[in-house]
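*Asks:* Here is a sequence with its predicted model. Questions after.
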Amino acid sequence: MNPNRVLVTLISFWQYFRYAKMETHMPLHPQVKELMDRRAALGFPDNRDVTPDEARANARTGKEAIPAVAEPVGEITERTIPGPIGDIPIRIYRPVSNRPHSLIMLFHGGGWVIGDVDSEDSTSRGLVNRVNAVLVSVDYRMAPEVRFPGAPEDCYAATGWAVEHADELGVDASNLAVAGTSAGGNLSAAVALMARDRGGPSIKHQVLFCPVIDYSFDRSSYIENAEGYGLTRDGMIWFWDQYLGPDNEANGHNPYASPIRADDLSRLPDATVISAEYDPLLDEAADYAAALKAAGNDVTYTEYPGMTHGFNGSFGLIDAAVKACTEASNRVLASFAK
């Protein structure tokens, strides 16, 4: 049978399943509603109405005003490593437990424009503790100062560096995973493709939390969840414009920007794709999971009802954040055990 026909059939089935659920939407979870109200009370302007630097400062202030729980880990250090153009800052998290440790590369979210290693701190700690891994969080170059493909090239270079310095890090680099939320999920998927295409590090698992997967704004979830749930459709268009620049159409079709547009999705790492019901990115996450599965990969896809974009980072604020981290960690461990 034509593999493209199989892929279309699987995605069509997934979309039918989504449409069938439209009549049974779970209400926005009370913990999510409370967190959204607290964030709204901070009164920050829309990112589109300020400069990127101001948007970054607002994101940092918001995180400090409503902090997530930070689970204790064994040790945290920071350093720089060589990158494609200049040094890349990284943060290294180590577990409390003794070796052997696996290795997780984490790429933060923030639409390739805002965010830093601090914004993904709770998720980083959660994965470290549940996987017994050393985690390297990468502070890649951001847009619009550095547009695509700067971010994925930094993340790929950092992954290569970590594997090459496995002894220094005290890790077994044969057990390697990549992980990230939103734009970080996009970069994780891109690095998985780059590693396969370039004969790079052997990655066993990719964890994609609420990932950005496609330069497209026409899927049903982009319409249904366009406004009112934190991340908006217009906000995503703005992020993509900052990231891709004047050549947005050409760059947007590059599979390292839009992983679902890759001609070949076979021979990729096992994948855990986690989405949120009230997220504009919901449908593209589901579509990518279906496409990966159709291409013969080991994939688990979970939609968390009543949740919004990036819920997985809200440890201590949203109970489902710990559940999602635990689910992803168990899947990573299963891949490492193969």
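*Replies:* Done, it's in. This structure is a prediction, so every number in the text was calculated from the model and none was measured.

*Asks:* On the three-state scheme, Gly200 is what?
*Replies:* Classification of Gly200 by DSSP: H, G, I helix; E, B strand; the rest coil places it in coil.

*Asks:* hmm, who's touching stretch 160-174?
*Replies:* 81-82, 92, 94, 99-103, 105, 133-134, 136, 176, 200-202, 204 (C-beta atoms under 8 Å, 6 or more residues apart in numbering). Every residue, glycine included, has its C-beta placed from N, CA and C.

*Asks:* go again using 7 Å as the cut-off
*Replies:* 81-82, 99-103, 105, 134, 136, 176, 200-202 (C-beta atoms under 7 Å, 6 or more residues apart in numbering).

*Asks:* In this protein, where is pLDDT below threshold?
*Replies:* 1-24 (pLDDT under 70).

*Asks:* about what we covered before: going through the contacts of stretch 160-174, which ones are buried?
*Replies:* By neighbour count, with 16 or more other C-beta atoms under 10 Å, these hold 81, 101-103, 105, 134, 136, 176, 200-201 as buried.

*Asks:* Out of those, which sit inside strands?
*Replies:* Among these, DSSP state E puts 81, 101-103, 105, 134, 136, 176 in strands.

*Asks:* Got the phi and psi for Pro255?
*Replies:* Backbone torsions for Pro255, taken as degrees, to the nearest 10, come to phi -60, psi -20.

*Asks:* With Ala151 instead?
*Replies:* phi -60, psi -50.

*Asks:* Could you count how many residues lie near the nearest residue to it once chain neighbours are set aside?
*Replies:* Leaving out its chain neighbours, the residue that sits closest to Ala151 by C-beta to C-beta, 6 or more residues apart in numbering is Tyr140, at 4.8 Å. Look at Tyr140: counted by other C-beta atoms under 10 Å, it has 26 neighbours.

*Asks:* from now on call the first residue 556
*Replies:* Okay, using 556 as the starting number, the last item reads as Tyr695.

*Asks:* my read: Tyr695 touches Cys710, true?
*Replies:* Yes. Look at Tyr695 against Cys710 with C-beta atoms under 7 Å: they come within range, at 5.5 Å.
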